[in-house]
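Q: below are the sequence and a predicted model for it; my questions follow.
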Amino acid sequence: MLNYLRTSPFRTVDWRWQRAMGVIAGQQPPPTRKLDEPLGFSWIKKAIRFEQARVAAGDDNYKLMILASECPEIYWAYTLKFREVAMRQAVEAYILARQSDFDIGFRAGIAPEVVEAYEALFFNVREKLNHSEYILHCVVGPALEQALSERLYDVLWKMYGYFCGPHFLAGLISKFPNATWCQTPDAMSAAIQDDAIATLKLKAAIAAKTVAVTQGTQLHLMEQFTKFVEVERNTESQGRAQDQILGHIQALFSGLPFAMGKPDNKNGMDTTMLEVYDQSSVELNFDETMLVATGQRIQQAALLQQIKFPVTVNTQKDLETERLTQDRH
């Protein structure tokens, strides 16, 4: 019962709801702002009023409909907690995945206010999400001490949601990771291949988490680990081979007889054999450009290099002004 206190480092995720039930049963002190902090005080008072109205309604559907219309957030959060098992596990996993009430509600097709009420009363973990040990031992709980299996889907959802995020969790829940929407019939083949590969990878990840280490499995696990190491080593070798290929290609281009530029020690800039023509009024065609770049001569090269843009009157005045300015300095 002490773990229903807000200050308990081991408090249960439904501590506010349990406080409300304890107050109704006369086993716990009434809620106060000091004992339960203002937000907790507010939610515990709401939970007390709701539970008293729900018990008074009994199995009367008319009264239950009135209660659902007057207090929809807590009513549907209560229904989610005690009736909808699979949906509840998904909502809790997405809360651990740090999604907002709106995003979770949109995924589940329920109002964000219902998600808010559910987190507040039955799965109050958001203020503890940065404390991984609390999440592991007080939220996920004893299941971690046992051998995980795919049947414990709720634990896997929570763990992957908490550590890998909502996108990974969505693929884990749906079992369709990286699903591709086929826009045309021709896209079906590639989509099937991608889906098969992604599904096998997901199953391998789950298997790695759920296979227990025993005397019967440890040798097999070591063999599989050795194979994975060999695959990684081959992958790294392929990466180095690709780097070597790129290096050879770069050396090949550097050895071509194209003058792409050389450092000019005077001004730190690059100059090329084409620079002479770039400074002139001549626009070389493709063949002439290739000849010059490979160090060959073109016809009437000297004449082409002498062609300049005509100097206008304004340009001449600007040159004279610039020359006088330089002489003064």
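A: Yep, that arrived.
Q: mind checking pLDDT for residue 232?
A: At residue 232, the pLDDT value in this model is 67.
Q: show me where the stretch 151-300 of the chain has its helices.
A: Remark: helices assigned in the stretch 151-300 of the chain by DSSP state H, counting those that start in this stretch are 153-164, 166-174, 188-210, 218-254, 275-278, 286-293.
Q: of all these, which one is nearest residue 23?
A: Taking Cβ to Cβ as the criterion, residue 23 comes closest to helix 153-164 out of those, the separation being 29.3 Å. The way it works is simple: take the backbone N, C-alpha and C, and place the C-beta from them, glycine included.
Q: any low-confidence regions in this protein?
A: Residue ranges of the chain with pLDDT under 70: 142-148, 150, 232, 235-246, 248-274, 277-279, 281, 286, 294, 308-329.
Q: re the thing from before, closest to residue 40 out of the helices of the stretch 151-300 of the chain?
A: With respect to residue 40, and counting by Cβ to Cβ, the nearest of the helices of the stretch 151-300 of the chain is helix 153-164 at 23.1 Å.
Q: could you give me the buried positions within the closest one?
A: Within helix 153-164, the residues scored as buried using 16 or more other Cβ atoms under 10 Å are 153-162.
Q: just to revisit the earlier point, kindly reformat the helices of the stretch 151-300 of the chain as JSON lines containing distance to residue 60.
A: What follows is those, written out as JSON lines (distance: least, Cβ to Cβ, whole Å):
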{"stretch": "helix 153-164", "distance to residue 60": "33"}
{"stretch": "helix 166-174", "distance to residue 60": "36"}
{"stretch": "helix 188-210", "distance to residue 60": "46"}
{"stretch": "helix 218-254", "distance to residue 60": "58"}
{"stretch": "helix 275-278", "distance to residue 60": "93"}
{"stretch": "helix 286-293", "distance to residue 60": "91"}
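Q: of those helices, which is nearest residue 57?
A: Comparing the helices of the stretch 151-300 of the chain by their distance to residue 57 (Cβ to Cβ), the top pick is helix 153-164, with 30.1 Å.
Q: got the angle for that closest one vs helix 166-174?
A: Using axes from the mean of the first three to the mean of the last three Cα atoms, to 10 degrees, the interaxial angle of helix 153-164 with respect to helix 166-174 works out to 160 degrees.
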